[in-house]
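In: Generate coordinates for the sequence data below:
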Amino acid sequence: MQINETSAEGLTRKYQVTIGADEVERTMQRRLKEIAKTVNLPGFRPGKVPVSVVKQRFGQSIMGEVLEQTVNESSAETLKDKNLRPALQPTIEISSFGEGKDLVYDMKVEVLPDVALPDLSGISLERLKPELPDSDIDDALKNLADRYRKSETVTDGSALETGDIAVIDFVGSIDGEEFAGGSATDQPLELGSGRFIPGFEEQLTGAKTGDHVTVKVSFPADYGAEHLAGKDASFEVDVKEVKRKLPPVIDDALAEEVGLENLESLRSTIREQMTSDYDRLGRQKLKRDLLDKLAEMHDFTVPAGMVEIEFNTIWKQFEEERERAKAAGTYQAELADDEEKTKAEYRSIAERRVRLGLLLAEIGKDANIQVTQDEVNRAIMAQARQYRGQEKAIIDFYKGNPDALQALRAPLYEDKVVDHIFEKVTLTDKLLPPKEFIAAAQLDDEEAEGGTDTEQSE
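Out: Predicted coordinates for the structure are as follows:
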């Protein structure tokens, strides 16, 4: 095999690879003999078919097989021989191939850049921490108690007020004709909840148990059922019962209602949950600041092919969101008229993501960071739990889809690398009241989670 480098510009390498006709013929003959031992043809005993007959019958397909095998093996050997780390699969263009001819092809490959490891000890970051006062726990308890407020039937003939619960039967019609899904019996409805069509609940205010009320409303133009959207409807409503909520009570019974032992354990659980939520938000902010720092420190050239793939992914998401906005009537064309400018901005984001991905991958490689199978399995199960009744289908999907599995594995790897970096950098904690903490930690763009595909060079 002869390998000639024909071009080396930036991260792109081009080679012309030549495989002698005699070597190709040897591979061809070896494959013909293998087939001759197993093929069954009329008039010949199994394993006794002459090679010449096999070649006559299957020569073209075997030539294609030999071409693919030879190109795959020789291109891999070329990458190894030249000590190249390809960013993507090389592109191959056959120049010459045929019986009695040398196999000649051109190989173009983008290689990964050499990435210098940063001095992580020289990075300083501010880590936001919330000051979680007891008053916030008290407020959360009040909100929880309000959600679990009990109600009692009104027996003094009081009229319905906002916040009361009406137990109603109703039948809806449009132009005098009842419509499917427009009726119910013993339906509880809290006035002011906004559960029903706008205007429905307000027209029940003042009604009492036993009253009959005719409610007239208009379905919104964007109502989910197209056959009802924008149409006027009339509902004949019978108020069968009026219930009024009792004052909220914060006690051990409330804790038991949500599955905990007592009020003390409920307070503790609420504090832990709020702390966990704040920690997650703070970590996102800290990660964003880290990635910004790393991006400022590094400006090496990245493979154009990787940037193009990342850009296409981002642009596809943008177009899907744009179509959804148009369908919902919320698209602001004046903000997106300059498509080329928008593309340039997204291409810059794509380049940043690829660069950070390569950098984090190099840091992870240097630290020998690995994602274990147990960690992957836990992530799969977490995904499966989001689709009750379909758990097995979700698990089977990941088992049979390497790309999906990699998409699940990559963020696990990235988070482990980021955690490793946090152990090396200088972190200074800053305590803030919850409202200030949320305002300071709020992430406002698509770079919030990094989006770096860190394992692309592994």
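In: residue contacts, L294?
Out: P118, I123, L356, L359, L360 (Cβ atoms under 8 Å, 6 or more residues apart in numbering). All C-beta atoms are positioned from the backbone trio N, CA, C, and that covers glycine.
In: wait, is it part of a strand?
Out: No. Counting by DSSP: H, G, I helix; E, B strand; the rest coil, L294 is located in no strand; its state is helix.
In: Please tell me how far it sits from L360.
Out: 8 Å (Cβ to Cβ, to the nearest Å).
In: for Q187, same thing?
Out: 54 Å.
In: where does R353 land in three-state SS?
Out: Assignment for R353 (three-state DSSP): helix.
In: Point out where the stretch 201-350 of the chain drops to low pLDDT.
Out: Within the stretch 201-350 of the chain, the stretches with pLDDT under 70 are 331-337.
In: swap the cut-off to 80 and go again
Out: 326-338 (pLDDT under 80).
In: can you pull out the helices in the chain?
Out: Using DSSP state H, the helices of the chain run over 21-36, 51-81, 134-147, 252-257, 263-297, 304-328, 339-366, 373-385, 391-399, 402-424, 434-441.
In: Which of those sits closest to S158?
Out: helix 134-147 (20.9 Å; Cβ to Cβ).
In: Show me what that closest one is in contact with.
Out: Residues contacting helix 134-147 (Cβ under 8 Å, 6+ apart): P248, V249, I250, L254, V258, L266, R267, I270, R271, M274, P434.
In: Now do that helix against helix 263-297, angle only.
Out: On the basis of axes from the mean of the first three to the mean of the last three Cα atoms, to 10 degrees, helix 134-147 is oriented at 120 degrees to helix 263-297.
In: how many other residues sit next to V418?
Out: 20 (other Cβ atoms under 10 Å).
In: Then the one 3 residues further on?
Out: I421 has 22 neighbours, counted by other Cβ under 10 Å.
In: got it, and the one 5 residues further on?
Out: Other residues within reach of T426 by the criterion other Cβ under 10 Å amount to 11.
In: so what's it bridging to?
Out: S124 (DSSP bridges).
In: so it makes contact with R127?
Out: No. Between T426 and R127 there is no contact under Cβ atoms under 8 Å: 10.2 Å.
In: can you list the domains in this structure?
Out: 2-110, 151-245, 281-457 (automatic domain parsing).
In: got the end-to-end distance for the second one?
Out: For domain 151-245, the first and last residues are 4 Å from each other (Cα to Cα, to the nearest Å).
In: and it, how far from the chain's centre?
Out: 40 Å (Cα atoms, centre = their mean, to the nearest Å).
In: Separate out the buried members of the contacts of helix 134-147.
Out: P248, I250, L254, L266, R267, I270, M274 (16 or more other Cβ atoms under 10 Å).
In: For the second one, which residues are in contact?
Out: Under the criterion of Cβ under 8 Å, 6+ apart, the contact partners of I250 comprise L141, K142, A145, L263.
In: Quick check: the farthest pair among the residues you listed?
Out: Pairwise across the contacts of I250, and taking Cβ to Cβ, the largest span is found between K142 and L263, at 12.9 Å.
In: Low-confidence stretches in the stretch 351-458 of the chain?
Out: Ranges of the stretch 351-458 of the chain meeting pLDDT under 80: 442-458.
In: Near the closest residue to L281 other than its chain neighbours, how many other residues are there?
Out: Nearest non-adjacent residue to L281, counting by Cβ to Cβ, 6 or more residues apart in numbering: A441, 4.8 Å away. Residues near A441, counting by other Cβ under 10 Å, number 19.
In: is it true that A441 touches R283?
Out: No. A441 is not in contact with R283 according to Cβ under 8 Å; the separation is 9.1 Å.
In: Name the residue in Q187 and L360 with the higher neighbour count.
Out: Taking neighbours as other Cβ under 10 Å, Q187 and L360 compare with L360 leading, 28 against 15.
In: thought the more buried one was touching H420?
Out: No. Counting by Cβ under 8 Å, L360 sits too far from H420 to count as a contact (9.6 Å).
In: Now flag whichever of the buried ones among the contacts of helix 134-147 is closest to V213.
Out: P248 (29.3 Å).
In: Contact partners for that closest one?
Out: K142, A145, D146, Y148, R149.
In: And for T301?
Out: T301 neighbours (Cβ under 8 Å, 6+ apart): G10, L11, P113.
In: Need the nearest residue in space to A379, chain neighbours excluded.
Out: L408 (5.3 Å).
In: what about that neighbour, distance to L359?
Out: Counting by Cβ to Cβ, the gap from L408 to L359 is 22 Å.
In: Looking at those two, which one has more neighbours?
Out: L359 (26 against 17).
In: which stretches of the stretch 101-250 of the chain form strands?
Out: 103-110, 124-130, 151-153, 165-174, 177-190, 212-218, 232-245 (DSSP state E, counting those that start in this stretch).
In: For V371, find the nearest of those.
Out: Distance to V371, taken as Cβ to Cβ, is lowest for strand 124-130 among the strands of the stretch 101-250 of the chain, at 24.3 Å.
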